[in-house]
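Asker: sharing a model prediction with you, sequence too.
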Amino acid sequence: VTYNGQIPGPPIVICEGDELVVNLKNNVDGRMTNADGSTNTTTLHFHGIREKSRPWSDGVPFVTQCPIQPGDPTFHYGFNASEIDGAPPGTYWYHSHVGSQRTNGAYGALVIKERVPDASIVDDAANTLVLQEWYESSTNQIPVSILINGKGRVGEKKLFCEDDETLNYLKGKGGNCQYITNEDFPDSFSTNYAEFDVEKTTSYRFRIIGAISQNFPLQLSIEDHKFTAIAMDSLDIEPVPDLTNVWLAAGERYDIVVQTKTSVPEKAYKIKILGYADINHKLSPLCSIAWLKYPNQKIDYTYVTPYDCSGFDNSSDLSFSRTLNPVPNNYAEWEGSPGNGKIFIKDIKSTKNQPTINLDNLANLNTHYIEFIGDITFNNRRMKYPDVPFLLQNPEKITGRCGSKCDLGGNFPDLHTTCKDFPECPVNAGSLEDDYCECQHVIQQPWAPGYWAETVLINNNKDHTAAHPIHQHGGWYWVVGMGKYNKTINRKFIMDEDKKNLLNRTFAYAPAKDTLQIPQNGYAIIRTPLDNAGAWIFHCHINYHVEIGMAMVLQIGEQGGKHPLDGQDWCTGPLEQNTACKTPPPSPKGGPGFINWFFGMEPAHRCVKPGTKVTWLWVNKDHN
């Protein structure tokens, strides 16, 4: 699945203050064979853009719009690259938000450049690395290579996983895979690795985008070079110097500055990318490279990365390595940071302070505690989407919702909220793995500029789960606290710790993120500003996880509601309200809840979990 016939899609590079319009036409046919059974509908999401004036352009099916059908009119997405839409200069990206289309290639880089850049740094948007693990096929979710800007090479051996290990991998627990001979290994390659040209004694800005699909974090290092991190998830941070490595999980971005050398050898340097199918135990590695080339250096175009990635992991050399954003799955590394050369998000500072984030202890209107129960749920709930997107309900439909609604009270500046839970939904019968609730999970907050809502995210690490990368649409959250334990935890334990004031919060220059790995056996405390009215999905960015319902909606304001404060309503733009989508929403059970079927279609395959109910949709009414 591609944008304009290429992987990644064409890079979008604009300047601060520009108006961006993207006209999306859906030409996807019905022969798609996504492993999750997703249909030939599509959408487009600008990852990291707040869309303050046009929430209908956020691109999430059944949340902000109906998915775009083949043959539908062109959908006009866009934003203003300024504070109007909450889009300051920085590194973003775009991708489909339907099924496995992002996994299968529907993504691309989005860069907003400063009008007046730092003259001491070469900031060329061409120096952007879009990283993604690539799979055997759309129905065989075993990673076989890593792509850098769509370029890579397969090894002489490739990973093979039994079905149960493939499922463990998708669940984020890591797959115990083996190497087998790659029968498709070519005698010669028709493609080369990506190349980046640099001059000596110059500072270059490189933008790194984690367009990663599953629980496959990637580490970047540069042969014989150190670098400084200056931004993450689009926003500036206090520089983190002398780095040898940086890790990215699905959805994360980092901007680094590389100071080039005064003298260099004959051969070009390798930019090394490394990942593991089992990141918790560093098993089943995959790797790739790009070339960092100085003038007159030579590139060995016959080079292919070793299938076992020998020589790619330098992080164990504590006398040399200094690693930013390592996967937070090691308690000793966490406790010893940053002095041990491991720099986690808790160790990073923003360049800007948020003056209202804890103003007189009044700014936080409420706190919600969300535990990842059963590995892939929020508080044992999986998202069941409505047939009318949340954003387009006027008035909102309460039936089927779970979560809570927080009503605003008091007088400025002493505002407060009263939160009431929506009715609980029944828990499914069956095995413990399926012992979860399906509902329209919504946490509804008032629109209250200058005020914040707090969420404590709790990763109980049941059965070695992922350090879930949690992404919030509609803007950044500020990370005011993180912690990790060397024992099993749960929601009650963390709530009790908080009541005892044992969860530390640091508000001064707290770092902002829109995607954050939550440490296993740990927690993160985030605060979200309540200044962006709309319905914003909040989800794990591991594709398999969001597809089976590890998501909820943060609703800010209330469409059609009456309130003494202005601004509770939001803009729905050209979209029609209160109209059901043409296709049904996906099933939180995973797998295809429905399959499109039409006259003359080519043979297609769908991977269906045993016992799953499948509905066949006859989409060509002209034949019967």
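Answerer: Cool, got the structure. Residues are numbered from 1 along each chain as shown.
Asker: so what's Gly48 closest to, chain neighbours aside?
Answerer: Distances taken as Cβ to Cβ, 6 or more residues apart in numbering place Tyr92 nearest to Gly48, at 4.2 Å, with adjacent residues excluded. All C-beta spots, glycine's among them, are computed from the backbone N, C-alpha and C.
Asker: so that neighbour lies in a strand, does it not?
Answerer: Yes. Counting by DSSP: H, G, I helix; E, B strand; the rest coil, Tyr92 falls inside a strand.
Asker: got a pLDDT number for it?
Answerer: The per-residue pLDDT reported for Tyr92 equals 98.
Asker: can you check Thr39 too?
Answerer: So, for Thr39, pLDDT stands at 68.
Asker: do Ile84 as well
Answerer: Value listed for Ile84 in the pLDDT field: 88.
Asker: count of neighbours near the nearest residue to it once chain neighbours are set aside?
Answerer: Leaving aside its sequence neighbours, Ile84 sits nearest to Ser53 (Cβ to Cβ, 6+ apart; 5.7 Å). Number of residues near Ser53 (other Cβ atoms under 10 Å) recorded here: 15.
Asker: before we move on, what about the one 10 residues further on?
Answerer: Per other Cβ under 10 Å, the neighbour tally for Val63 reads 27.
Asker: kindly report the same for Gly450.
Answerer: 16.
Asker: before we move on, which element is the nearest residue to it once chain neighbours are set aside in?
Answerer: Excluding its sequence neighbours, the residue lying closest to Gly450 (Cβ to Cβ, 6+ apart) is Thr356, at 5.0 Å. Here Thr356 sits in a region with no helix or strand, counting by DSSP states H and E.
Asker: before we move on, the earlier item: quick one: contacts for the residue nearest to Gly48?
Answerer: 46-49, 109-112, 234, 253 (Cβ atoms under 8 Å, 6 or more residues apart in numbering).
Asker: can you check Gln577 too?
Answerer: Gln577 touches 392-394, counting by Cβ under 8 Å, 6+ apart.
Asker: for it, helix, strand, or coil?
Answerer: coil.
Asker: and Asn366, by the same measure?
Answerer: Three-state assignment for Asn366 (three-state DSSP): strand.
Asker: and the closest residue to it other than its chain neighbours, its phi and psi?
Answerer: Using Cβ to Cβ, 6+ apart and skipping the chain neighbours, the partner closest in space to Asn366 is Thr417 (5.0 Å). With angles defined as degrees, to the nearest 10, Thr417 sits at phi -130, psi 150.
Asker: partners of Thr417 in the sheet?
Answerer: Beta-bridge partners recorded for Thr417 (DSSP bridges): Leu408.
Asker: still on that earlier bit, using CSV, please lay out the contacts of Gln577 together with pLDDT, secondary structure and distance to Lys200.
Answerer: Shown next, in CSV, are those (pLDDT from 0 to 100; DSSP: H, G, I helix; E, B strand; the rest coil; distance: Cβ to Cβ, whole Å):
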residue, pLDDT, secondary structure, distance to Lys200
Leu392, 96, helix, 56
Gln393, 95, coil, 59
Asn394, 91, coil, 61
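Asker: which of the residues you listed lies closest to Asp242?
Answerer: Leu392 (49.9 Å; Cβ to Cβ).
Asker: circling back to that earlier point, residue contacts, the residue nearest to Gly450?
Answerer: 363, 450-452.
Asker: any chance of the residues you listed in JSON lines, plus secondary structure and distance to Ser315?
Answerer: Converted to JSON lines, the contacts of Thr356 look like this (DSSP: H, G, I helix; E, B strand; the rest coil; distance: Cβ to Cβ, whole Å):
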{"residue": "Ala363", "secondary structure": "coil", "distance to Ser315": "39"}
{"residue": "Gly450", "secondary structure": "coil", "distance to Ser315": "42"}
{"residue": "Tyr451", "secondary structure": "coil", "distance to Ser315": "41"}
{"residue": "Trp452", "secondary structure": "strand", "distance to Ser315": "36"}
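Asker: who wins for neighbours among these?
Answerer: In these, the most neighbours by other Cβ under 10 Å go to Tyr451, 26 neighbours.
Asker: pLDDT score for that residue?
Answerer: In this model, Tyr451 carries a pLDDT of 95.
Asker: of all the contacts of Thr356, which two lie farthest apart?
Answerer: Gly450 and Trp452 (8.4 Å).
Asker: one step back: quickly list what the residue nearest to Gly48 is bridged to.
Answerer: Leu110.
Asker: if I look at it, how far off is Ile112?
Answerer: 7 Å (Cβ to Cβ, to the nearest Å).
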